[in-house]
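K.L.:
structure for the following, please:
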Amino acid sequence: MNRVLLLAVLALATLPVRAQEYRIDAATPAGLRELLRATGEPLPLLSAHRGGAGPGWPENCLATFAETLRHGWAILEIDLRTTRDGVHVLMHDATLDRTTDGTGPVRERTWAELRELRLKDRNGKLTPHRIPSLDEVMTWARGRALLALDKKEVPVAEVVRVITHHRAESYALFMAYTAKEAKEVHAANPEIMMEVMLGTPARFDEFVATGVPWDRVIAFVGHTPTPDRELCRRIVAKGANCMAGTSRNLDLEVLRGRVKPDAAWWAGYRALLERDVAVIETDVPRELAPWLRGGGTPAGTGRGRFLRFVGP
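P.N.:
Sure, this is the predicted structure:
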């Protein structure tokens, strides 16, 4: 067995045993569109920023993704970089220093070299976990979770190629930062769902001008606990749901130890949902998921067939 394959097997061995798991399986691109469109029904899932890092759980890490899914249904937001030999890997930063025991730019290392490194958790503590390749994650997520791919410096066409190659249009979303990117993705593969940055009326108008159907997008409306409610209403009226990020505000209260994840803390997130936001992108998915679910499985809703709980 060659060294890279051995390291891949060892990495999979570090994944936690799945005593329980909240799984999303839209099955088809049409199913994904149905799951994410605005219907007025509750949407009991969240977006785990960088997969949901925490103590012992590194960001952009397969073991972390599995741990996040033990607590609730999730879109896993992941970041892409490319090695010197052309392998796409998960890494937020352009350099290795903050999140691994390596140093220097990702693009100057080969895939085999990156597989030797260990990932650090949110507090900088070294863990046994390794950097995953994008191909590994695409295979792992099928029938289990949704992925939101932040391309970083990877070309749009290349991310589209990867999604198409894996036939992942039922579970992988392209994160489009501009209307131009959204139009490019839709022209290349109209089955791909997108998370599009639409946090201002001007961005809304730019997207309308592309002609991309609204059932192909979920709209990210910003990192604020008070997004533009009129803008959210306009988006929802088009049939698309809104997503807002809390990593720069509400999440910090728990992460810095100022509050505990209790009813008073949850009230801030509930207020966000009441402003026509359907999905919260968060750095604390494991803490937030039980409040979002309300302890139940939405089997009675139209979306229930896409959401499963596996476990005791």
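K.L.:
alpha carbons only for contacts and neighbour counts from here, please
P.N.:
Fine.
K.L.:
now A179, nearest residue through space, not along the chain?
P.N.:
Closest residue in space to A179, ignoring its immediate chain neighbours: F207 at 5.0 Å, by Cα to Cα, 6 or more residues apart in numbering.
K.L.:
would you mind listing the buried residues in the helix or strand where that neighbour lies?
P.N.:
Taking DSSP states H and E as the criterion, F207 maps to helix 201-210. Judged by neighbour count (16 or more other Cα atoms under 10 Å), helix 201-210 contains these buried residues: R203, F204, F207.
K.L.:
from T139, how far out is the nearest residue to D85 once chain neighbours are set aside?
P.N.:
In space, D85 comes closest to T110 once its chain neighbours are excluded; the distance is 5.5 Å by Cα to Cα, 6+ apart. According to Cα to Cα, to the nearest Å, T110 and T139 sit 21 Å apart.
K.L.:
do the same with D25
P.N.:
On the measure of Cα to Cα, D25 and T139 end up 13 Å apart.
K.L.:
any idea where the strands of this protein begin and end?
P.N.:
21-24, 46-48, 74-82, 88-90, 146-150, 172-176, 193-197, 217-220, 242-245, 279-282, 307-310 (DSSP state E).
K.L.:
mean pLDDT added to these, as CSV?
P.N.:
As requested, the strands of the chain are arranged in CSV below (pLDDT from 0 to 100):
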stretch, mean pLDDT
strand 21-24, 98
strand 46-48, 98
strand 74-82, 98
strand 88-90, 98
strand 146-150, 99
strand 172-176, 98
strand 193-197, 98
strand 217-220, 98
strand 242-245, 97
strand 279-282, 97
strand 307-310, 95
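K.L.:
make CSV out of the ones you listed and add mean neighbour count and distance to H129.
P.N.:
Formatted as CSV, these follow (neighbours: other Cα atoms under 10 Å; distance: least, Cα to Cα, whole Å):
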stretch, mean neighbour count, distance to H129
strand 21-24, 22, 20
strand 46-48, 26, 18
strand 74-82, 25, 16
strand 88-90, 24, 13
strand 146-150, 24, 20
strand 172-176, 26, 23
strand 193-197, 25, 28
strand 217-220, 26, 30
strand 242-245, 27, 27
strand 279-282, 26, 22
strand 307-310, 16, 24
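K.L.:
Serialize those strands to a markdown table and add fields for distance to A30.
P.N.:
Shown next, in a markdown table, are the strands of the chain (distance: least, Cα to Cα, whole Å):
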| stretch | distance to A30 |
| --- | --- |
| strand 21-24 | 14 |
| strand 46-48 | 20 |
| strand 74-82 | 17 |
| strand 88-90 | 27 |
| strand 146-150 | 14 |
| strand 172-176 | 13 |
| strand 193-197 | 10 |
| strand 217-220 | 12 |
| strand 242-245 | 19 |
| strand 279-282 | 19 |
| strand 307-310 | 15 |
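K.L.:
any idea which of those strands gets closest to A264?
P.N.:
Counting by Cα to Cα, A264 lies closest to strand 279-282 out of these; the figure is 17.3 Å.
K.L.:
where does pLDDT dip in the protein?
P.N.:
1-18, 295-301 (pLDDT under 70).
K.L.:
quick check: beta-bridge partners of the residue most central in space within it?
P.N.:
By Cα atoms, centre = their mean, the mean C-alpha position of the chain lies nearest to E77, the distance being 2.1 Å. Counting by DSSP bridges, E77 is bridged to A148.
K.L.:
G268 against L250, yeah?
P.N.:
Yes - using Cα atoms under 8 Å, G268 is in contact with L250, at 7.2 Å.
K.L.:
list the residues that contact the closest residue to R233 other than its chain neighbours.
P.N.:
Leaving aside its sequence neighbours, R233 sits nearest to D276 (Cα to Cα, 6+ apart; 6.6 Å). Contact analysis of D276 by Cα atoms under 8 Å, 6 or more residues apart in numbering lists R229, C232, R233, V236, C242.
K.L.:
ok, now with 10 Å
P.N.:
Listed by Cα atoms under 10 Å, 6 or more residues apart in numbering, the contact set of D276 reads 38, 40, 227-236, 241-244.
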